[in-house]
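Visitor: Predicted structure and sequence below. I'll ask about it afterward.
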Amino acid sequence: MIEKGKISAFQMGVMMYPTIFATAILSLPSIIAVQAGRDMWLSPIWASTIGFLAVCIAYQLHKLYPKETIVEYSVHLVGRIVGKIMGLMFIFFYMHLNGFIIREYGEFVVGNFFVKTPIIVVIGSMVIVCAFAVRGGVEVLGRCAQIFVPIVIILILLIVFLLSPDLKPIQIYPIMEHGVKPSLMGAVVPSDWFSEFIVISFLLPYLTDREKGMKWGMISVFAVMLTMVLSNMTALFLFGINTVGFRYPVMVAARYISLANFLEHLESIVMAIWIVGAFVKISVFYYVIVLGTAQWLKLTDYRPIVWPVGFLLVLFSVWVAPNVQEMTRVVGTSIPFYLLSMQVAVPTLLLFIAFIQKKFRKKGRAKG
């Protein structure tokens, strides 16, 4: 295998937590509120089924090909030519998706904090930092996640605690006023984030305790779901149905915090959550792209291509959308079908083919 490092199933679960939730914490409540209204807190619960499904698919494929990633075993399942095309599709898909994530990170930081700083500087500096982490390998990424994720969780809980005097739980009523349909419609966009759990197919071969991969994948899905429900409830209890009017409800909520005219303007906490979470998320996708590319090209080491891929990621982040308004429109319209097709439909097809092949092999052996 190209990657010599190893991580535990627990580290994989910890890595996946910010990989899914990092970019959702700021804008997701307002996006869901457009469709779900007061039932916005229910939408992540329905959407989490996609996350559980993605983990099951990735783990079942891993059991059939325990030492290979999805880029490698695609060739065994659908043939060399089609498999190579499919592997290239995954690489470009994650290149495009990570470019989108990097651009989203840059737009938030520049739009809310460094308004006079060129966005290319913010994007470039993050990619450079992530490149050093990716060159360190999967073990470095696992340890970074172990250090940063507890900090992120503590900061999220701190914001909710400080906002608690201003929260009005009565805003949740009436529950399902218009039936279950609005909350199901609101689940479409968060299902995109949950579909990203298919990324564990690139991490499962490098676990020291592979038998626990399924367990910690499911725990990570559940943790992300709870965090999304918490952030949506916080926005709902604070703003009610007016949540739809804010691009970054959590950022606005942080500005509400005021204790004794001393503890105020805690936007820096939100920025810390965003930067730390974005660092882990960008690094994980960056690693997946580099590893997948090296496997696709049959290289002996992925490290020589880390910097060229980083340069391409910066270009993709600039190219992916002309402005933040267009990015928001894409997230609410075409992105759901784009992500679900590549991260759920295609792996499901591969799993179906794998089961058919396995069945025919058993029949062949029985006849023999």
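Guide: Structure's in. What do you need?

Visitor: alpha carbons only for contacts and neighbour counts from here, please
Guide: Will do.

Visitor: Show me what the helix or strand harbouring residue 281 is packed against.
Guide: Element membership of residue 281 [criterion: DSSP states H and E] is helix 267-296. Here helix 267-296 touches helix 9-21, helix 70-78, helix 80-112, helix 119-136, helix 138-163, helix 249-256, helix 306-319, going by 3 or more C-alpha pairs under 8 Å, 6 or more residues apart in numbering; DSSP states H and E.

Visitor: which of the ones you listed has the lowest average pLDDT?
Guide: Mean pLDDT is lowest for helix 249-256 among the helices and strands packed on helix 267-296, at a mean of 78.

Visitor: what's next to that helix, contact-wise?
Guide: Here helix 249-256 makes contact (C-alpha atoms under 8 Å, 6 or more residues apart in numbering) with 25-27, 29-30, 159, 163, 231, 235, 238, 243, 246, 264-267, 270.

Visitor: Please list only the buried members of those.
Guide: By neighbour count, with 16 or more other C-alpha atoms under 10 Å, the contacts of helix 249-256 hold 25-27, 29-30, 159, 163, 231, 235, 238, 243, 246, 266-267, 270 as buried.

Visitor: what's the most distant pair in those?
Guide: 30 and 266 (20.2 Å; C-alpha to C-alpha).

Visitor: is it fair to say residue 339 lies in a helix?
Guide: Yes - assessed by DSSP: H, G, I helix; E, B strand; the rest coil, residue 339 belongs to a helix.

Visitor: List the residues that contact the residue nearest to it when sequence neighbours are not counted.
Guide: Nearest non-adjacent residue to residue 339, counting by C-alpha to C-alpha, 6 or more residues apart in numbering: residue 192, 5.8 Å away. By C-alpha under 8 Å, 6+ apart, the contact set of residue 192 is 335, 336, 339, 340.

Visitor: how near is residue 192 to residue 356?
Guide: According to C-alpha to C-alpha, to the nearest Å, residue 192 stands 28 Å off from residue 356.

Visitor: again, but for residue 297
Guide: Going from residue 297 to residue 356 by C-alpha to C-alpha gives 28 Å.

Visitor: show me what contacts the residue nearest to residue 102 when sequence neighbours are not counted?
Guide: In space, and not counting its chain neighbours, residue 102 is closest to residue 317: 5.9 Å by C-alpha to C-alpha, 6+ apart. By C-alpha under 8 Å, 6+ apart, the contact list for residue 317 reads 96, 98, 99, 100, 101, 102, 103.

Visitor: who are the neighbours in contact with the fifth one?
Guide: By C-alpha under 8 Å, 6+ apart, the residues touching residue 101 are 23, 282, 317.

Visitor: Need the residues you listed in TSV (columns: distance to residue 144).
Guide: Converted to TSV, these look like this (distance: C-alpha to C-alpha, whole Å):
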residue	distance to residue 144
23	18
282	13
317	24
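
Visitor: which of the residues you listed lies closest to residue 12?
Guide: residue 282 (15.1 Å).

Visitor: right, and that closest one touches residue 97 too?
Guide: No - assessed by C-alpha atoms under 8 Å, residue 282 is found out of contact with residue 97, at 9.8 Å.

Visitor: Settle it for me: which of these two has more neighbours?
Guide: The neighbour comparison of residue 282 against residue 97 (other C-alpha atoms under 10 Å) goes to residue 282, with 25 against 21.

Visitor: quick check: angle from the helix or strand residue 59 falls within to helix 70-78?
Guide: Per DSSP H and E: residue 59 is located in helix 43-64. Relative orientation of helix 43-64 versus helix 70-78 (axes from the mean of the first three to the mean of the last three C-alpha atoms, to 10 degrees): 70 degrees.

Visitor: Now do helix 43-64: which elements does it pack against?
Guide: Counting by 3+ C-alpha pairs under 8 Å, 6+ apart, helix 43-64 packs on helix 181-186, helix 188-195, helix 213-239, helix 346-367.

Visitor: now do 10 Å
Guide: With contacts defined as 3 or more C-alpha pairs under 10 Å, 6 or more residues apart in numbering; DSSP states H and E, helix 43-64 has these neighbours: helix 24-36, helix 70-78, helix 181-186, helix 188-195, helix 213-239, helix 346-367.

Visitor: now it: mean pLDDT?
Guide: On average, helix 43-64 scores 93.

Visitor: May I have that helix exported as PDB, CA atoms only?
Guide: Output in PDB follows, covering the C-alpha atoms of helix 43-64 (Å, rounded to 0.1, in the frame of the first residue of the first chain):
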ATOM      1  CA  SER A  43     -34.400  17.800   9.000                       C
ATOM      2  CA  PRO A  44     -30.900  16.600  10.100                       C
ATOM      3  CA  ILE A  45     -32.500  13.500  11.700                       C
ATOM      4  CA  TRP A  46     -34.100  12.500   8.400                       C
ATOM      5  CA  ALA A  47     -30.900  13.400   6.500                       C
ATOM      6  CA  SER A  48     -28.700  11.300   8.800                       C
ATOM      7  CA  THR A  49     -30.200   8.200   7.200                       C
ATOM      8  CA  ILE A  50     -28.000   9.000   4.100                       C
ATOM      9  CA  GLY A  51     -25.000   9.100   6.400                       C
ATOM     10  CA  PHE A  52     -25.800   5.700   7.900                       C
ATOM     11  CA  LEU A  53     -26.300   4.300   4.400                       C
ATOM     12  CA  ALA A  54     -23.000   5.700   3.200                       C
ATOM     13  CA  VAL A  55     -21.100   4.100   6.100                       C
ATOM     14  CA  CYS A  56     -22.800   0.800   5.500                       C
ATOM     15  CA  ILE A  57     -22.000   0.900   1.700                       C
ATOM     16  CA  ALA A  58     -18.300   1.900   2.400                       C
ATOM     17  CA  TYR A  59     -17.900  -0.800   5.000                       C
ATOM     18  CA  GLN A  60     -19.500  -3.600   2.900                       C
ATOM     19  CA  LEU A  61     -17.200  -2.700   0.000                       C
ATOM     20  CA  HIS A  62     -14.200  -2.600   2.400                       C
ATOM     21  CA  LYS A  63     -15.000  -6.200   3.600                       C
ATOM     22  CA  LEU A  64     -14.800  -7.400   0.000                       C
END
